[in-house]
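Make a model of this:
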Amino acid sequence: MFNKLFRYWRTVKHLKFIQVRYQLYYRLRHIWGRRTLAYDRELSVEERKLECKQWIYSNPIYKERTFRFLNKSKRFEKNIDWNFAAFGKLWTYNLNYFDYLLQPGMDRDTGLMLIHDFINKYEELTDGLEAYPISLRAINWIKFCLKFNITNHVIRKNLSLQLKRLEDNLEYHLMGNHLLENGCTLLIGGVYLEDYKFLKRGKQILSTQLNEQILEDGAHYERSPMYHQLLLHRVMDCYNILSASAKPEEALLEVLKTTIEQMLGWLAEVTFRNGTIPCVNDATEGIAPSTDQLESYARRLEIKTEDTTLGESGYRMIRNSDYECFIDVGNIAPDYIPGHAHSDTFSFTLNVGDYPMIVDTGISTYDECDRRITERSTAAHNTVKINGEEQTEVWKSFRVGRRAYITKLEEGPNNITAEHDGYEHLGYNHRRTLKWDKEELYIKDDVMGKKKVNATAYIHFHPQINIEKMKDSVFTNDLEISFSGHDNIKIKPYQYAAGFNQLEKASVLEINFRDSLESRILL
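Residues are numbered from 1 along each chain as shown. Sure, this is the predicted structure:
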């Protein structure tokens with residue numbers, strides 16, 4: 001019992017006062033009962049046409065009353081159940097996002113049918129009326145209507161009501177990417193509906209949150225490349241529609257443009273040559289627009305990528321003609337919203353040529369289950385676990401208690417040495433040194449402490465990689481990894497998350513050692 005209480009305290013003590021205040025406010029308001037809201041401003045009689053640049057198309061996810069999200073499909077034979085929950089809440093959210101309105105081949109009549117079906121069932125909705133799905137859905141409706149020059153008072157009236165509900169349920173209790181999405185939606189909705197109050201609130205949120213959430217090296221502060229892509233896309237949407245408005249708000253446009261340039265620069269630095277992103281923290285392919293799509297969108301908006309050097313985000317990329325190695329030497333951050341973070345300090349991934357070799361385990365679910373805990377755990381990453389304990393205390397689906405902090409970081413042209421204190425409560429510190437040249441990646445792990453230690457280093461391979469063990473080395477078709485200082489080396493199976501609800505068999509190395517381990521990856 002006391003352990004659970006202490007863990008809860010280690011989690012909530014990092015929250016901002018505004019998060020606690022809104023948590024209490026929304027919970028108390030829920031006890032009081034559901035609020036009935038009405039849009040209390042006059043809608044403009046005629047829509048003014050906005051000449052926006054072409055939006056990014058979404059993936060094909062709807063066909064003939066069948067929806068496919070997160071690698072699971074559902075066909076609604078007659079009536080669409082917008083509250084369908086058999087595949088989990090995230091699937092229900094995706095159903096309510098309406099991303100499919102922007103998929104290639106979506107026609108005007110089908111899109112209108114889906115929108116009006118939703119409107120007709122508005123009073124029955126549950127998850128779809130939460131702030132986050134409202135944020136994404138409203139923007140997709142607006143893009144669809146602009147694309148087909150649709151002027152429809154029923155849609156505008158319902159859209160206005162949804163934005164009013166969003167304004168009344170802003171996600172200050174969560175902050176982070178959720179609040180930024182809320183702000184972008186109010187800004188875009190304010191421009192589209194010519195509603196100054198929505199526009200003003202959106203500008204207010206963006207002016208504070210962009211400054212807080214975008215780091216000096218251009219990264220989004222939740223350190224997920226996937227969420228970085230999602231939010232870059234949304235900021236670009238804001239720039240697109242604001243540029244087309246009658247009063248383009250020049251100062252805000254300049255802020256958005258600078259932000260986009262910085263975010264594009266960071267994304268370019270972390271994207272592998274094959275166009276994929278490192279799937280670290282909560283990140284996987286196929287959810288966000290690709291780096292190539294985002295760069296093409298930027299060109300349509302006449303925005304260039306700003307050169308950047310990886311820094312505050314804690315990520316580093318080693319690149320040469322033969323391989324690319326992505327390394328995490330940063331903190332679990334931000335402290336008050338680490339829900340998408342994993343216990344992965346000092347983890348790394350490796351592409352040889354254009355192919356993934358050493359990989360992160362990835363994510364397959366956001367549900368509260370053992371699989372979610374496993375995918376966030378230390379043993380699911382290419383780092384070191386000490387005495388069977390987690391370096392960062394991840395629990396439930398999105399919670400973090402005790403977390404590892406970087407206590408030392410030294411960098412040279414071809415080397416990095418870093419230490420973290422994630423095991424300090426056990427009496428240890430972990431130091432990892434990396435050195436590299438074109439033919440070798442050298443890794444040295446030191447566990448420093450007075451007590452006896454049992455440490456395990458993990459190296460996860462992509463499912464397509466076959467490995468063989470011979471004495472102190474393992475071999476693949478493209479590389480050899482040799483170890484010194486180990487007690488034993490084991491090859492074990494693990495489940496690689498190729499995407500949500502999509503697991504594949506693969507192999508992981510478990511290297512047990514005492515105080516120090518040297519690993520040489522020969523390419």
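
On the three-state scheme, Asp117 is what?
What DSSP: H, G, I helix; E, B strand; the rest coil gives for Asp117 is helix.

how many other residues sit next to it?
Asp117: 13 surrounding residues under other CB atoms under 10 Å. Yep, even glycine has a C-beta here, placed from its N, CA and C like the rest.

Over to the one 10 residues further on?
Residue crowding around Asp127 was assessed by other CB under 10 Å; the count is 17.

so how far is Lys452 from the residue nearest to it when sequence neighbours are not counted?
Leaving out its chain neighbours, the residue that sits closest to Asp127 by CB to CB, 6 or more residues apart in numbering is Thr92, at 4.8 Å. As judged by CB to CB, to the nearest Å, Thr92 and Lys452 stand 49 Å apart.

thought Tyr428 was touching Asp445?
No. Counting by CB atoms under 8 Å, Asp445 is not a contact partner of Tyr428; they are 11.7 Å apart.

Now name the helix or strand holding the residue nearest to Asp127.
Taking DSSP states H and E as the criterion, Thr92 maps to helix 89-97.

Pull out the buried residues from that helix.
90-97 (16 or more other CB atoms under 10 Å).

helices or strands up against it?
In this structure, helix 89-97 packs against strand 66-69, helix 131-147, with contacts taken as 3 or more CB pairs under 8 Å, 6 or more residues apart in numbering; DSSP states H and E.

For Ser58, find the nearest of the ones you listed.
Of all these, helix 131-147 sits nearest to Ser58, with 8.3 Å by CB to CB.

Lys469 - that's part of a strand, no?
Yes. Assessed with three-state DSSP, Lys469 lies in a strand.

Would you map the helices across the stretch 251-400 of the chain?
Remark: helices assigned in the stretch 251-400 of the chain by DSSP state H, counting those that start in this stretch are 291-300, 370-376.

List the neighbours of the last one that are in contact with it.
Read that as helix 370-376. With contacts defined as CB atoms under 8 Å, 6 or more residues apart in numbering, helix 370-376 is touched by 341-343, 361-366, 380, 394-397, 497.

filter those residues to the buried ones?
341-343, 361-366, 380, 394-395, 497.

Report the lowest-confidence entry in the residues you listed.
Lowest pLDDT within the buried ones among the contacts of helix 370-376 is found at Trp395 (91).

gap between that one and Thr383?
Counting by CB to CB - Trp395 and Thr383 are separated by 18 Å.

tell me the domain ranges of this structure?
53-169, 179-309, 315-522 (automatic domain parsing).

quick check: mean pLDDT across the shortest one?
The reference is to domain 53-169. For domain 53-169, mean pLDDT is 96.

First-to-last residue distance for that domain?
For domain 53-169, the first-to-last residue distance is 30 Å (CA to CA, to the nearest Å).

Kindly report the same for the longest one.
With CA to CA as the measure, the first residue of domain 315-522 is 23 Å from its last.

for the second one, same thing?
Domain 179-309 has its terminal residues 27 Å apart, counting by CA to CA.

Any idea how many residues pack against Glu216?
12.

quick one: strands adjacent to whichever helix or strand Glu419 is part of?
Per DSSP H and E, Glu419 falls inside strand 415-420. Sheet pairing of strand 415-420 (DSSP bridges) gives strand 406-412 (antiparallel), strand 428-436 (antiparallel).

The helix-or-strand element of the chain with minimal mean pLDDT: what's the following helix or strand?
Lowest by mean pLDDT, DSSP states H and E among the helices and strands of the chain is helix 2-12, with a mean of 82. Later in the chain than helix 2-12, the nearest helix or strand by DSSP H and E is helix 17-32.

residues contacting Arg108?
Neighbouring residues of Arg108 by CB under 8 Å, 6+ apart: 148, 150.

I'd say Ile142 and Ile188 touch.
Yes. Counting by CB under 8 Å, Ile188 is a contact partner of Ile142 at 6.1 Å.

Need the overlap of contacts for these two.
Ile241.

residue closest to the middle of this protein?
By CA atoms, centre = their mean, the mean C-alpha position of the chain lies nearest to Tyr227, the distance being 3.0 Å.

Now for the residue lying closest to it once chain neighbours are set aside, how many residues are close by?
Of all residues not flanking Tyr227 in the chain, Asn177 sits nearest, at 5.3 Å (CB to CB, 6+ apart). Using other CB under 10 Å, Asn177 is surrounded by 24 other residues.

where does Asn177 land in three-state SS?
Counting by three-state DSSP, the backbone at Asn177 sits in helix.

just for this protein, where's the confidence low?
1-2, 33-36, 39-40, 42, 44-48 (pLDDT under 70).

tell me the contacts of Glu269?
By CB under 8 Å, 6+ apart, the contact list for Glu269 reads 308-310, 317.

Identify, from those residues, the entry nearest to Thr417.
The closest of those, once distances to Thr417 are taken by CB to CB, is Leu310, at 16.6 Å.

ok, that closest one - how many residues close by?
20.

And it, its phi and psi?
Main-chain dihedrals, Leu310, degrees, to the nearest 10: phi -60, psi 130.

Equivalent analysis for Leu230, please.
Dihedral angles (degrees, to the nearest 10) for Leu230: phi -60, psi -40.

swap in Lys492?
phi -130, psi 160.

which residues does the nearest residue to it once chain neighbours are set aside bridge with?
Of all residues not flanking Lys492 in the chain, Val508 sits nearest, at 5.4 Å (CB to CB, 6+ apart). On the basis of DSSP bridges, Val508 is bridged to His460, Lys492.
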